[in-house]
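**Student:** I need the structure of the sequence given here:
(2 chains)
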Number of protein chains: 2
Amino acid sequence: MRQAGRILKPYRQLKEKVGSIQTLFDDPELITQITLMPVDMLEVDAAILFADIFTPVMPIGCDIVFDPGPTIGAPLRTLEDVNRIRAYEPEQELSHVVQAIGEITRALPASVPLIGFAGAPFTLATYLVEGGSAKEYSRFRQMLRSDSPCAHALMSKLTDVTIAYLQMQIRAGVQVVQLFDTCVGALSADEFTTICRPYLDRIFAALESSGVPRIYFGLGATHLLDQLGELSVEALSVDWRTNIEKAFNELAGKRPHALQGNLNPCTLFGSPDHIESEATKLLMATAGRAHVFNLGHGVHPETPFDHVKQLVETVHAFDG
Amino acid sequence: MRQAGRILKPYRQLKEKVGSIQTLFDDPELITQITLMPVDMLEVDAAILFADIFTPVMPIGCDIVFDPGPTIGAPLRTLEDVNRIRAYEPEQELSHVVQAIGEITRALPASVPLIGFAGAPFTLATYLVEGGSAKEYSRFRQMLRSDSPCAHALMSKLTDVTIAYLQMQIRAGVQVVQLFDTCVGALSADEFTTICRPYLDRIFAALESSGVPRIYFGLGATHLLDQLGELSVEALSVDWRTNIEKAFNELAGKRPHALQGNLNPCTLFGSPDHIESEATKLLMATAGRAHVFNLGHGVHPETPFDHVKQLVETVHAFDG
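**Tutor:** Residues are numbered from 1 along each chain as shown, chains lettered A, B, ... in the order given. Predicted coordinates for the structure are as follows:
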């Protein structure tokens, strides 16, 4: 339940007190405090590192302002722009993240793992090329056709950065890693195969020897399930659009994967009865299957805290 | 190829000269001129009425400003707000649309049909409730759970307005109607069944006796294909995410439908060879099937005119 913080009063108070979300991402004490909040307040079974998708590109001079969505000061449009992305030592230049992971893992009970987090290269690339959020990422998808070497160079550089960043998180102590591909749903299967697949393969291969379970989440990617089923990951996180029983069946002949997620985050707007019946429906549909209960995407900011708490209790009480 | 106008120089010049996009939607001469442009300049096989999705809610006092995306002055949030939506006579209150349809059909060669156009109730509802564009339409989806009578009342009122609007277009002379559901892709299958399906059924049933072919387009709706296959329409328009061969197979046991669209609009950013090979691939995949060649969504504004022209020529020259 990434971004569960949004609905927690202490998180919102902290954000208001500090005044800038960037400060929250930069301060190891605050990262620790925020990462632990959902575990303490909601009693979820795992923590997920509080970090921005842009954290790993901060040291390479990407100038990002939140207003409130991210805006990139100097979008990357040419091979020259892309070549400014340099390799760096995450232990040195992101020492606040290393420090936070150490503090979080020391603070968490042994039964609660910490999930590391990074944005996938395609999602990062769309923001860096568009200059902010965009509807169908047509600028990057245009670059892929009109200047394919530039698009691939960007993906390759971001892949290197992502690998170094996630390997650092693993060395620092995260017990699982999850790669978020929030923008991938805009792609056709051919585009995914051309511009995402090779880079995802490189990331997951580089993490293989760590033995740390790897999760990939593609938002709106039901139409890519065939391709996703071939990724070298232990779990695929699916959003609320996916029919999870069909997904288990479609993936049956592929590499063995657990599925994660799928509960419609809007369910939490409903009554306690509605929440219980929807959660139970998902628990029944996945009983006996490898499934990690989770929402299909982040909690909507307007969601009442009590509803989320009730969901966690329903899942814990389920005896399928 | 709705919104093909975007890439046409005379359209952009007209828009700049007039200064406001609203003026383009309100003036029958300009509607006519713009609707005819793609037929004249690109030699496409059909024209689609130039109209905004908000045209049918203008007479009922919805206050919409383009800035550049639509912003609703007074979003609809309560049953009281919704009850302000009243039935009206489209022939009287949208006489400029009636006049434009008459002029367009008189101007078009007999071999080029005019496609009528409306936004689907769900897509309209999300804008009216959110107050503008929004990511996952959580406000309306929240209303669906916290105030379901209000959500259904809104859908029902918009359905009545849409039926009257499309019946008026048919009386005025359009030869096909297409309903655009740009926001539907955010919904789970359950949400679609609850909040869209009954209203779509009502619209398509009301149009049945006209004998005019009905097309439904759901953007990002690959995951809803099962449900869409049950709609009483002659054609389903699918975006570039849908695997069209799979879609034909999945729909085989259902009501007979033609499929429309599917070509990735980003294809048009590619080289002439790329455009030709992608178009040919789609033409081959659909040869012998009921398929209306089209893009999977509107033309991206940065698309070169020559590329679109070449696509039309490729399709016309195809001899499958």
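
**Student:** Walk me through the domains of chain A.
**Tutor:** A:11-237, A:262-320 (automatic domain parsing).

**Student:** So which of these is nearest residue B:318?
**Tutor:** Residue B:318 sits nearest to domain A:11-237 of all the domains of chain A, at 19.8 Å, using C-beta to C-beta. C-beta: built from backbone N, CA, C; applies to glycine.

**Student:** Over the closest one, what's the mean pLDDT, rounded is fine.
**Tutor:** Averaged over domain A:11-237, pLDDT sits at 95.

**Student:** Can I get the domains of chain A in CSV including distance to residue B:203 and mean neighbour count?
**Tutor:** What follows is these, written out as CSV (distance: least, C-beta to C-beta, whole Å; neighbours: other C-beta atoms under 10 Å in any protein chain shown):
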stretch, distance to residue B:203, mean neighbour count
domain A:11-237, 26, 19
domain A:262-320, 24, 17
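
**Student:** Residue B:235 is nearest to which of these?
**Tutor:** domain A:11-237 (19.8 Å).

**Student:** Now render the domains of chain A as a markdown table, adding distance to residue B:206.
**Tutor:** Below are these laid out as a markdown table (distance: least, C-beta to C-beta, whole Å):
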| stretch | distance to residue B:206 |
| --- | --- |
| domain A:11-237 | 31 |
| domain A:262-320 | 29 |
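
**Student:** Adding distance to chain B, write those domains out as a markdown table.
**Tutor:** Formatted as a markdown table, these follow (distance: least, C-beta to the nearest C-beta, whole Å):
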| stretch | distance to chain B |
| --- | --- |
| domain A:11-237 | 4 |
| domain A:262-320 | 4 |
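
**Student:** Minimum distance to residue B:66: which of those domains has it?
**Tutor:** Comparing the domains of chain A by C-beta to C-beta, domain A:11-237 comes nearest, at 15.7 Å.

**Student:** I'd assumed residue A:223 was in contact with residue A:239.
**Tutor:** No. Here residue A:239 does not reach residue A:223: they are 11.7 Å apart, not a contact under C-beta atoms under 8 Å.

**Student:** Show the contacting residues for residue A:161.
**Tutor:** The contact partners of residue A:161, by C-beta atoms under 8 Å, 6 or more residues apart in numbering or on different chains, come to A:56-57, A:60, A:85, A:87-88.

**Student:** Could you rerun that using 6 Å?
**Tutor:** For residue A:161, the residues meeting the contact criterion (C-beta atoms under 6 Å, 6 or more residues apart in numbering or on different chains) are residue A:56.

**Student:** give me the element it is part of.
**Tutor:** Following DSSP states H and E, one finds residue A:161 within helix A:148-172.

**Student:** one step back: which stretch among the domains of chain A comes nearest residue B:233?
**Tutor:** Closest approach to residue B:233 among the domains of chain A (C-beta to C-beta): domain A:11-237, 21.0 Å.

**Student:** what about the closest one, how long is it end to end?
**Tutor:** Domain A:11-237 has its terminal residues 25 Å apart, counting by C-alpha to C-alpha, to the nearest Å.

**Student:** what distance separates that domain from the centre of its chain?
**Tutor:** From the chain centre to the centre of domain A:11-237 is a distance of 6 Å (C-alpha atoms, centre = their mean, to the nearest Å).
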